[in-house]
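*Asks:* Provided below for reference: sequence and predicted model.
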Amino acid sequence: MKINWNYIIGILLLSLVVFLYGFSNMRNSAKKVADISIEFEQGDNLFMDYQMVNKLLIQNGGSAKNLTKSVIDLHNLEANVRSHPMVESVSVYLTVDGFLKTKIKQRTPIARVVDNNESYYIDRQAKIMPLSDNFSARVLLISGAVKEENNNEIHELVTAILNDEFLKEQIIAIEKTTKNEYVLDTRVGDQKIILGKIENLDQKFKNLGAFYIKTMADSTIYKYDSINLKYNKQVVATNKVDYGKR
């Protein structure tokens, strides 16, 4: 019988590779976590600090540092960090040099609700964010008869404002009335913009833009006390002295 040495050598080499891989993997699993590395995607820590994240990277009642890599539950650690209301997304993994690395993307607030009972942010995903002791975001202020169920329509309104370069600079605050209507405070001209309900925003803001172009060109914008966008396809402006339509 002719012996197929190529076949035997192939099996031996494969067995050696499997053995070396298993041995290397076993040695790697027995290594301890050298240190914890935390990276914030925005380039700085903003609302959270490194100490806050470290407290979330807890396993078996203690820090994950110095634990052997084999007992690290990455899924559980990731879930702990993700549960924090400031965190939008997170990735936790072990590096080949023994570091437990955590990459965090924090939530991005677009508005701050202020009332007598509480104050909180609404982020770009229309979710509630608590205030932070570390950082205060400069965002649109929302006041008045605001309830949590209004978050989606507030998010829609604020997003529309932020997507318009002129309105982003001009609108400084938003008030919600008990009639579920919205009034906008302006930076230039000091008028109240009576928006009404959250509907037909594109048309309302198009009308508002045309109004501003004309009144800023002839410097009459400062004559008006309020700008009403509630009426279909027209802007009704109230004079600071008397009343009239524009």
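*Replies:* Received it, and whenever you're ready, just let me know what you need. Numbering: from 1, shown residues only.

*Asks:* where exactly do the helices run in this structure?
*Replies:* Ranges of helices within the chain are 5-30, 50-56, 74-82, 151-162, 165-170, 201-217, based on DSSP state H.

*Asks:* weakest of the ones you listed in terms of mean pLDDT?
*Replies:* Among those, helix 5-30 has the lowest mean pLDDT, at a mean of 55.

*Asks:* got a list of what T178 touches?
*Replies:* If you count contacts by CB atoms under 8 Å, 6 or more residues apart in numbering, T178 has them with G144, A145. C-beta coordinates here come from the backbone N, C-alpha and C atoms, glycine included.

*Asks:* For it, give its distance to V158.
*Replies:* Using CB to CB, to the nearest Å, T178 is found at 20 Å from V158.

*Asks:* Then K230?
*Replies:* K230 sits at a distance of 19 Å from V158 (criterion: CB to CB).

*Asks:* Then V96?
*Replies:* In this view, V96 and V158 are 44 Å apart by CB to CB.

*Asks:* again with I193
*Replies:* For I193, the distance to V158 equals 14 Å [CB to CB].

*Asks:* what domains does the record give for the protein?
*Replies:* Per automatic domain parsing, the domain ranges recorded for the chain read 1-27, 31-106, 109-239.

*Asks:* now do the same end-to-end measure for the longest one.
*Replies:* Distance between the boundary residues of domain 109-239 (CA to CA, to the nearest Å) amounts to 36 Å.

*Asks:* Centre of the chain to it, how far?
*Replies:* Distance of domain 109-239 from its chain centroid, counting by CA atoms, centre = their mean, to the nearest Å, is 19 Å.

*Asks:* still on that earlier bit, V96 and V158: which has the busier surroundings?
*Replies:* V158 (22 against 7; other CB atoms under 10 Å).

*Asks:* just checking, that one touches I122?
*Replies:* Yes: using CB atoms under 8 Å, V158 is in contact with I122, at 7.3 Å.

*Asks:* what touches both of these two?
*Replies:* Shared contacts of V158 and I122 (CB under 8 Å, 6+ apart): I110, A111, I142.
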